[in-house]
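# here is the input, now give the coordinates:
(one chain, ligands or ions: 1)
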Amino acid sequence: MGDGRANNPNSHSNNNSSSNKPEWLEEYDVIGKIGEGTYGLVFLAKVKSNRSKPIAIKKFKQSKDGDGVSPTAIREIMLLREISHENVVKLANVHINHADMSLYLAFDYAEHDLYEIIRHHRDKVNQAINPYTVKSLLWQLLNGLNYLHSNWIVHRDLKPSNILVMGDGEEQGVVKIADFGLARIYQAPLKPLSENGVVVTIWYRAPELLLGAKHYTSAVDMWAVGCIFAELLTLKPLFQGQEVKGTINPFQLDQLDKIFKVLGHPTQEKWPTLVNLPHWQSDLQHIQGHKYETAGLYNVVHLSPKNPAYDLLSKMLEYDPQKRLTAAQALEHEYFRMEPLPGCNALVPPQPGEKVVNYPTRPVDTSTDIVGTISLQPSQPVCLLMFSLLTA
Ligand SMILES: Nc1ncnc2c1ncn2[C@@H]1O[C@H](COP(=O)(O)OP(=O)(O)OP(=O)(O)O)[C@@H](O)[C@H]1O
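As a prediction, this is how the structure comes out:
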């Protein structure tokens, strides 16, 4: 991995010193905190019995109503225990701290993610990502997503920080889709959305969700992949709307505005079920208030309309979710059959003489303790029972 952090003499004492230290934590040397998301903190650790194996331990926050661990976490475990694919992050272990009912999931560690890779190119090397790397990242992302969708799993929160890429080692340059906190198994006929607030990070959110659609389909993930593809090409988020916070499932007018500016207004002709969407009806004035001269997607991503990369991108960003390309269809697209062909190691182009970018390793905060970093609330017996079942 080459992180130079595993032997930090301070890390063990910093993180394992708490008197609340659960027994299972003895299996690991915790190096430090590497990230924080909506649902918890992520720590880098080494398995003591196999120090060459880095692990990312995700500690979940408890739900506000104090019922042990959130339903989100329980959903994530149920899903991750079932799935196994080279482009989906592997859940290595599940741990419960029975003293305070906090939940920890141990995943295989990935040194990079698309958020950092894009940022590195934009802010440090000031250079576009190599076309081979873009194509290989996209192909592997679609391959993982095709597996999830074939198993009736919609991710619902795809964004660059959730798309991990393995660092040095056997799996170098392999994409791993992560963070199934919001994913859930869906079965036809589709179930309605639960009222759990905003679920897809706004920049990658599909227009049907922004317009109040009551159903998630795999097409929402394909919209997000389209946005990510464009971001890999230009190093800038494609639709960078201003989020309106504070309400449950707010109507995100600015985000829609950003989309319409690039793709033009959707029409009933192109998207027949548009009129059935709640906000299309109720906020018609706002949505259709200002019509734009469309900027043209090809201009924004600097591709000729005849370029197969543009053809693929525009088919992922189709307004009508029923017409939007599926992951399986995208994998068959001409773009992936043209040189440079996609490869398993997305970070190292196979052509001799190609410059290899050295991406930075994740910064580690060794001052944050894995135990007791999140305030805990009283647990309920039902959660104890669930955890016993899950860890059995
Ligand atoms: N298995 C892993 N290996 C290495 N880093 C990881 C792993 N899983 C998550 N991370 C990193 O930890 C950070 C926090 O991840 P997390 O999934 O908790 O939140 P997020 O995706 O940034 O935001 P949100 O929770 O709002 O979706 C991210 O930078 C992510 O790339």
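
# around the ligand, pick out the residues from the stretch 51-200 of the chain.
56, 89, 107, 109, 110, 113, 157, 161, 162, 164, 178, 179 (C-beta under 6 Å from any ligand atom). Where you see a C-beta, it was placed from the backbone N, CA and C, and this is true even at glycine.

# could you work out the most separated pair of those?
Maximum pairwise distance among these (C-beta to C-beta): 20.1 Å, between 109 and 157.

# for the stretch 1-150 of the chain, which segments count as helices?
Applying DSSP state H, counting those that start in this stretch to the stretch 1-150 of the chain gives helices spanning 9-16, 71-82, 114-119, 131-150.

# where among the ones you listed is average confidence lowest?
Lowest mean pLDDT of the helices of the stretch 1-150 of the chain: helix 9-16, a mean of 38.

# contacts only, for residue 139.
331, 336, 342 (C-beta atoms under 8 Å, 6 or more residues apart in numbering).

# tell me how far it lies from residue 120.
Distance of residue 139 to residue 120, given as C-beta to C-beta, to the nearest Å: 21 Å.

# could you do residue 87 as well?
For residue 87, the distance to residue 120 - C-beta to C-beta - is 21 Å.

# do residue 83 as well
Distance from residue 83 to residue 120, by C-beta to C-beta: 29 Å.

# now the most centrally placed residue in the chain, nearest residue through space, not along the chain?
In the chain, the centroid-proximal residue (C-alpha atoms, centre = their mean) is residue 162; its distance is 2.6 Å. With sequence-adjacent residues excluded and distances taken as C-beta to C-beta, 6 or more residues apart in numbering, residue 162 is closest to residue 179, at 4.2 Å.

# what sits against the one you found?
Counted by C-beta under 8 Å, 6+ apart, residue 179 has contacts 37, 157, 161, 162.

# phi, psi of the last one?
Pointing back at residue 162 there. With angles defined as degrees, to the nearest 10, residue 162 sits at phi -90, psi 0.

# please verify my assumption that it contacts residue 178.
Yes: Residue 162 lies in contact with residue 178 (C-beta atoms under 8 Å); the separation is 5.2 Å.

# overlap of the contact sets of these two?
Shared contacts of residue 162 and residue 178, counting by C-beta under 8 Å, 6+ apart, come down to residue 113.

# for the contacts of residue 139, which one is nearest the ligand?
residue 342 (22.1 Å; C-beta to the nearest ligand atom).

# in a helix, that's where the closest one is, yeah?
No: going by DSSP: H, G, I helix; E, B strand; the rest coil, the assignment for residue 342 is coil, not a helix.

# hang on, isn't it packed against residue 133?
No: Residue 342 lies out of contact with residue 133 (C-beta under 8 Å); the separation is 9.5 Å.
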